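Q: sequence-free structure coming up:
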DNA sequence: CTATCATTCAATCATTCCATTGAATGACGA
DNA sequence: TCGTCATTCAATGGAATGATTGAATGATAG
């Protein structure tokens, strides 16, 4: 609450709005309110959340000037403050969708209508590794690999996949993994390997899920 | 990192982007990067911030897909990921500016070309109060009033200004204050009072600044 | 190979945010 | 006036965020 110069004050005002948009529940609430005004209870029911929680999020949105409240008897109906809210929502979404779109593009470009775009499950991978049937590569940057990786995995950062594959046994199947189901890196690695004639598949998800499943993790150092 | 349904995952992805925009420094960084690529050091110098701080914020922006990094010798140049970032920034800004615009609108609509739109300074207010020449009203909600207000102020939440003024001495000048220089409430209160024939002025800023100036504060309870 | 410089990492502490619970408020109907 | 119901407030604890410091990394120049 100290004295700020006008420029900082402006950026702070903008940040208040963006911060209010920075929560999945609030975004979902905005999308519902875009359909029309809703009472707190109605919103809570739609989202399957406790009423008090929704009430607090609504007030956060109201403080940011994103929604407005109107009392009607014992109900308070909330609605979007104006059309600019929807364009802000859409703009944020389009930034976010660029990355998801990237996944889509890669999947569709390289895998659609091909033999086997089915990912390898964690159980399946463990069996394959135990029998020595596949080479497992971790295509994340070296630092992330060092922090923890699947035992037996080789670190081949995405940029080095092509070079690595030149020296690799072309007949041996490769399984690639990265940060998680939404991460593009393992998609790209598999695409690159396949285009070079290697048999390659993806692990269904990435390191965080592996660790979360209570499976063993190897750490460098 | 637990398993989410696809819908939640989407909203979370959107929230990551919005959250990355939710910091004044990052917004300022984006505006600079909109001019063209910048090294970490160059940005830090522009914003007068420690390099490490800027580096961390840049990585937050990169994780959200808002900026991209490109190494060039021993410099890393950051730039905006694509044009959609700028439209998201603009959209957030336009939501935020609605409120600032509201201040402008009110100021221009009610005060321009009128006698006395000059706000009351803190020193002036203290003198007026000491001599008993004005009634001081705090137009914030009751809870904020209770947490601390200017000694001698009466709490008249914005919605009750009209009703309150009916019983007030119409010849006595009123001074209104609220949360701060950017807050619309005291503007609205003064506008309402003037339209009802009362003499009314605004305190130059609000409670936080009053407290920050080391002036006495009265607390309820 | 070593020194240097841009950048990033790691660790700390203070602050803020979030979900949950139970109590308080405010308006309506009997 | 009293009970009921929608909403909000208040308080708690746990998690994430932000600023700062100093050390580590990675690339270039000598």
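A: The structure has been received and is ready for your questions. In this text, all values refer to a predicted model and were calculated from it rather than measured experimentally. Residues are numbered from 1 along each chain as shown, chains lettered A, B, ... in the order given.
Q: does any part of the longest helix seen in chain A sit near chain B?
A: Counting residues, the longest helix in chain A under DSSP state H turns out to be helix A:83-106. Yes. Using CB under 8 Å from any CB of the partner chain, helix A:83-106 reaches chain B at A:84-85, A:87-88, A:90-96, A:98-100. Glycine gets a C-beta too; all of them are placed from N, C-alpha and C.
Q: Name the next helix or strand downstream of that helix, please.
A: The element immediately downstream of helix A:83-106 (helix or strand, assigned by DSSP states H and E) is helix A:122-130.
Q: if we look at that next one, which residues are touching it?
A: With contact meaning CB atoms under 8 Å, 6 or more residues apart in numbering or on different chains, helix A:122-130 is reached by A:120, A:134, A:136, A:150, A:152, A:175, A:203-205, A:209-210, A:213, A:215.
Q: Now tabulate the residues you listed in CSV and tack on pLDDT.
A: Below are the contacts of helix A:122-130 laid out as CSV (pLDDT from 0 to 100):
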residue, pLDDT
A:120, 83
A:134, 90
A:136, 93
A:150, 89
A:152, 89
A:175, 92
A:203, 87
A:204, 78
A:205, 74
A:209, 67
A:210, 78
A:213, 69
A:215, 81
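Q: taking those one by one, which sit in strands?
A: Within these, residues falling in strands by DSSP state E are A:134, A:136, A:175.
Q: Neighbour-wise, which one of those leads?
A: residue A:175 (25 neighbours; other CB atoms under 10 Å in any protein chain shown).
Q: show me the contacts for that one.
A: A:120, A:125, A:128, A:134-137, A:200-203.
Q: and residue A:79, which of the three is it?
A: Classification of residue A:79 using DSSP: H, G, I helix; E, B strand; the rest coil returns strand.
Q: Give me the neighbour count for it.
A: By the measure other CB under 10 Å, the count of residues near residue A:79 is 16.
Q: Quick check: pLDDT value at the spatially closest residue to it that is not a sequence neighbour.
A: Nearest residue to residue A:79, sequence neighbours excluded (CB to CB, 6 or more residues apart in numbering or on different chains): residue A:37, at 3.9 Å. Residue A:37 carries a pLDDT value of 86.
Q: what's the answer for residue A:20, then?
A: At residue A:20, the pLDDT value in this model is 96.
Q: Please apply the same query to the one 5 residues further on.
A: Confidence at residue A:25, expressed as pLDDT, is 95.
Q: got a list of what residue A:70 touches?
A: So residue A:70 contacts A:37, A:76-79 (CB under 8 Å, 6+ apart).
Q: ok, back up a step: may I see the contacts of residue A:175 arranged in CSV, with distance to residue A:54 as well?
A: What follows is these, written out as CSV (distance: CB to CB, whole Å):
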residue, distance to residue A:54
A:120, 40
A:125, 41
A:128, 46
A:134, 48
A:135, 50
A:136, 44
A:137, 45
A:200, 46
A:201, 43
A:202, 38
A:203, 37
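Q: Among those, which one has the most neighbours?
A: Ranked by the number of neighbours (other CB under 10 Å), these place residue A:137 first, at 29 neighbours.
Q: For that residue, give me its contacts.
A: A:153-156, A:161, A:164, A:174-177, A:189.
Q: Could you give the bridge partners of it?
A: Taking DSSP bridges as the rule, residue A:137 bridges to residue A:154, residue A:176.
Q: thought residue A:168 was touching residue A:174?
A: Yes. Residue A:168 is within contact range of residue A:174, at 7.3 Å (criterion: CB atoms under 8 Å).
Q: Which member of the contacts of helix A:122-130 is positioned nearest chain B?
A: residue A:209 (6.6 Å; CB to the nearest CB).
Q: Pretty sure residue A:140 sits against residue A:188.
A: No. Using CB under 8 Å as the test, residue A:140 is too far from residue A:188 to be in contact (12.0 Å).
Q: any shared contact partners between the two?
A: By CB under 8 Å, 6+ apart, the residues touching both residue A:140 and residue A:188 are residue A:158.
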